[in-house]
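**Q** The following block contains a protein sequence and its predicted model.
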Amino acid sequence: QGNMAFAGKYEFESDENYDDFVKKIGLPSDKVEMGRNCKIVTEVVQNGNDFTWTQHFPGGRTTTNSFSIGKEADMETMGGKKFKATVKMEGGKIVAEFPNYHHTAEIVGGKLVEISTASGVAYKRTSKKIA
C-alpha cells in the first residue's frame with residue numbers, strides 16, 4: 001500500500017468541535033449551517049506524490065485541490081478563499097498550512113481522519129471509505 005494509502009472515496013461519518021472551529025476561522029453563518037453534519041464525500045486520486053483531492057458537497061458543489069508533496073500549489077479553503085501552500089508528508093500524514101488553520105489528513109484503520117487546528121481548537125472530521 002505505502003504511498004497509495006490515501007486513494008479512494010470517503011463519506012463523512014462524524015466530526016468534533018465543528019462550531020468552535022468555524023467561529024475561530026470566521027466562516028460566514030450561511031457556510032456554517034451548510035457544513036454542519038454535511039455528508040461530504042471526499043475523493044482522493046493519488047499518483048505517487050501527486051494528489052487530486054476533491055470534496056463533493058450535497059447539492060452538487062465541489063472543491064478540488066491538486067497538489068504535489070513538497071511543491072507550492074494553488075489551493076482553496078472550505079470557505080472558498082484561494083491561497084498558495086506547500087503540502088508536506090510527515091510520518092504518513094499529509095500536512096498543509098491554510099491561511100488561518102493547520103490541517104492534517106491521515107488514514108487510520110481504513111478511515112480518512114482530518115484535523116484542522118485554529119487558535120488551539122482542533123476540528124476533527126472522520127470519513128469512512130466507500131470506494
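**A** Cool, got the structure.
**Q** Checking C38 next. Helix, strand or coil?
**A** With DSSP: H, G, I helix; E, B strand; the rest coil as the basis, C38 sits in coil.
**Q** Tell me who's in contact with it.
**A** Contacts for C38 were tallied using C-beta atoms under 8 Å, 6 or more residues apart in numbering; they are 12, 57-58. For glycine as for every other residue, the C-beta is placed from the backbone atoms N, C-alpha and C.
**Q** Most neighbours out of those residues, which is it?
**A** F12 (20 neighbours; other C-beta atoms under 10 Å).
**Q** V41 is in contact with that one, correct?
**A** Yes - at 7.4 Å, F12 counts as touching V41 under the criterion of C-beta atoms under 8 Å.
**Q** okay, and the common contacts of the two?
**A** Shared contacts of F12 and V41, defined by C-beta under 8 Å, 6+ apart, are found at S127.
**Q** and the gap between the residue nearest to N100 when sequence neighbours are not counted and A96?
**A** Setting aside the residues directly before and after it, N100 is nearest to I25 in space (C-beta to C-beta, 6 or more residues apart in numbering), at 4.9 Å. For I25, the distance to A96 (C-beta to C-beta, to the nearest Å) stands at 14 Å.
**Q** in the least confident helix or strand in the chain by mean pLDDT, what's buried?
**A** Ranked by mean pLDDT, DSSP states H and E, the helix or strand of the chain with the weakest confidence is helix 29-35, at a mean of 82. For helix 29-35, a neighbour-count test (16 or more other C-beta atoms under 10 Å) marks G35 as buried.
**Q** Kindly reformat the contacts of C38 as CSV containing distance to D20, pLDDT and secondary structure.
**A** Below are these laid out as CSV (distance: C-beta to C-beta, whole Å; pLDDT from 0 to 100; DSSP: H, G, I helix; E, B strand; the rest coil):
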residue, distance to D20, pLDDT, secondary structure
F12, 18, 95, strand
F57, 21, 86, coil
P58, 23, 84, coil
